[in-house]
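In: How does the following fold in three dimensions:
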Amino acid sequence: MAAAPLLVGIDAGTSRVRVLICTPEGRCVATGSTPTPTTQPRPGWAEHDAEGLWQATASACRAAIGQLDQPARIAGVAIASFGEALVTLDRAGQPTGPVIAWYDERPMAEVEALTARLGKDRLYGLTGLSADPTFTLGKLLWLQAHQPEALAASTLWLNLTHYLAWRLCGVPGCDYTQASRSLAFDLSGRTWLTALIEEVGLAPAHFAELRPLGARLGTVLPEASQATGLPVGTPIGVGGHDHLVGAFAVGALEPGVVLDSMGTAEAITMPLPGPHLAPELGRRGYSQGLAAIGDRFTNYIFGGFPASGASVEWFRSLFAETLPHAELIARASACPPGCHGVGFLPDLRGRISPVPDALARGAWFGLAADSTAAMLYRAILEGLAFEARQTLDTLIELPDLPPIRRITAIGGNTQNPLLMQIKASVYGRPILAAEMAEATALGAALLGGLAAGLWPDASAARAGLQLGFRQIDPVPGWGEHYAAQYRTVYQPAYAALRPLHHAAAALAG
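Out: Here you go, the predicted model:
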């Protein structure tokens, strides 16, 4: 009897590259992880080296595969990653410039010029995106303005998901979820915006062919096998944007399900019956996208903020580097809701929705001489919960949306019990958190299985999953306090601090 197949899911995240090896039912067999190599050449900038990203991925693969007795059991592989960042490649397949991180602020001037020229509402009506420095087109325009020789030498542009897949199999491609983060994709027409791309002086042919999630892209090449430990000839499935690949894994692409994806950034995602391109949504910073698995297309709306887990790690690195996280959580749990008046705005990397503001900055307020590190930490957790609720509150005001049946949470921060209790209390409703910590990697593994032909379609892939959830309920007595704090303190705080942050940014140049 042949040994049962195994699947490999790779999640190339902002802070770490994670590799999960699992059975088709979702049982974890092995894992590997390496830090995502990132440099910060100057304030507001962050970038990666393409070869460094590949080496980190290969290292994490080797670490996981080295735990297997029979690597030949691996039947399929797929990759998910953060959106927007891209690798520019020349005809020989060599990178021509830096991989600008998704949260890098350097394209701000180029995006402002683009929106002044084309109109923010027009761009939203075409792409479903509220233009900001995050999106891929802004990075290309920055290269066009500041490193034209690098851009001129390139003939292929791949975001990180598909660059890593290309390194594995040599076949370029792009799925719809990553295309949806480019500001160069026609959301209604489901194709690249050729006319707009040409209008801004770029080459449409450099964007890769669009393919659905789980389609077979190619197979592992001998040189990729040597680097990663993956068997030669293993099918590579088309992967996509991390939040949406995780949503697929936990069944959050169904009507009425809200996904709260709690990683370095936080994304609140809700399926839509179709594109919803009212300009007001773009003005509020909400973006939309399209996921395709087989012949099924799902539209979705997307809000959130870029410094969720990043705020937690920022605090720990500065104030609690030697303190175990569990102990920090325990100390913060002893503080009362509201932290004796200390509050926090988690805008360490700007603000996306419901008020887009790239110059917004984080802030503690209400500090007193007896404020403790535990209070400051709990205030961060409360700020994250308030910001998530504000994103969701504005989202559910949309007409013609199905009622929310449940909120499902994935991501590393779901492992923080205090944060989850605060969030459920701030939401005023239960949250179902996936027990599988690596839901995004699991979704990628399932897409690898689809490419390998283990199932006829995505529904069959999910039907066999043995995926557990735990329910986090609001804490009695916290909800009333948090409702008042949210309404009278947190919501006005951003508007009160905005003039100061903008003035400080002007002085900083």
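In: May I ask which helix or strand of the protein has the lowest mean pLDDT?
Out: helix 279-283 (a mean of 87; mean pLDDT, DSSP states H and E).
In: Contacts for that helix next, please.
Out: Identification of contacts with helix 279-283 by C-beta atoms under 8 Å, 6 or more residues apart in numbering yields 120-121, 123-125, 128-131, 288, 301, 356, 398. For the C-beta atoms, the positions are set from N, CA and C on the backbone; glycine is no exception.
In: Got phi/psi on residue 67?
Out: Dihedral pair for residue 67: phi -90, psi 0, per degrees, to the nearest 10.
In: Please list all residues in contact with it.
Out: Taking C-beta under 8 Å, 6+ apart as the test, what residue 67 contacts is 21, 29, 30.
In: List only buried entries from those.
Out: For those, a burial check counting by 16 or more other C-beta atoms under 10 Å picks out 21, 30.
In: contacting residues around the residue nearest to residue 27 when sequence neighbours are not counted?
Out: Closest residue in space to residue 27, ignoring its immediate chain neighbours: residue 466 at 6.8 Å, by C-beta to C-beta, 6 or more residues apart in numbering. Contact analysis of residue 466 by C-beta under 8 Å, 6+ apart lists 25, 26, 27.
In: Now do the same for residue 466: helix, strand or coil?
Out: coil (DSSP: H, G, I helix; E, B strand; the rest coil).
In: How much space separates it from residue 491?
Out: 41 Å (C-beta to C-beta, to the nearest Å).
In: try residue 370
Out: From residue 370 to residue 491 the distance is 26 Å (C-beta to C-beta).
In: Please identify which of these two sits among more neighbours.
Out: For residue 370 versus residue 491, the count of surrounding residues by other C-beta atoms under 10 Å is larger for residue 491: 14 against 7.
In: residues contacting the more buried one?
Out: So residue 491 contacts 386, 390 (C-beta under 8 Å, 6+ apart).
In: Apply 7 Å and report the result again.
Out: Taking C-beta atoms under 7 Å, 6 or more residues apart in numbering, we find residue 491 in contact with residue 390.
In: Low-confidence stretches in the stretch 51-200 of the chain?
Out: Residues of the stretch 51-200 of the chain meeting the criterion pLDDT under 70: none.
In: hey, where'd the strands end up in it?
Out: 74-81, 86-89, 99-100, 156-159, 174-175, 185-186, 191-192 (DSSP state E, counting those that start in this stretch).
In: and residue 14, what does it touch?
Out: 36, 82, 264, 265.
In: Any of those residues buried? List them.
Out: 36, 82, 264, 265.
In: Closest to residue 313 out of those residues?
Out: residue 264 (7.7 Å; C-beta to C-beta).
In: how close does the residue nearest to the closest one when sequence neighbours are not counted get to residue 349?
Out: In this structure, residue 264 finds its nearest non-sequential neighbour in residue 14, 3.9 Å apart by C-beta to C-beta, 6+ apart. Distance check for residue 14 against residue 349: by C-beta to C-beta, it reads 10 Å.
In: ok so, going back, dump the strands of the stretch 51-200 of the chain into a markdown table; add mean neighbour count and distance to residue 111 as well.
Out: Putting these into a markdown table (neighbours: other C-beta atoms under 10 Å; distance: least, C-beta to C-beta, whole Å) gives the following:
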| stretch | mean neighbour count | distance to residue 111 |
| --- | --- | --- |
| strand 74-81 | 30 | 22 |
| strand 86-89 | 26 | 15 |
| strand 99-100 | 26 | 13 |
| strand 156-159 | 24 | 17 |
| strand 174-175 | 28 | 21 |
| strand 185-186 | 23 | 16 |
| strand 191-192 | 16 | 19 |
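In: Ok, which of the ones you listed comes nearest residue 429?
Out: strand 74-81 (27.9 Å).
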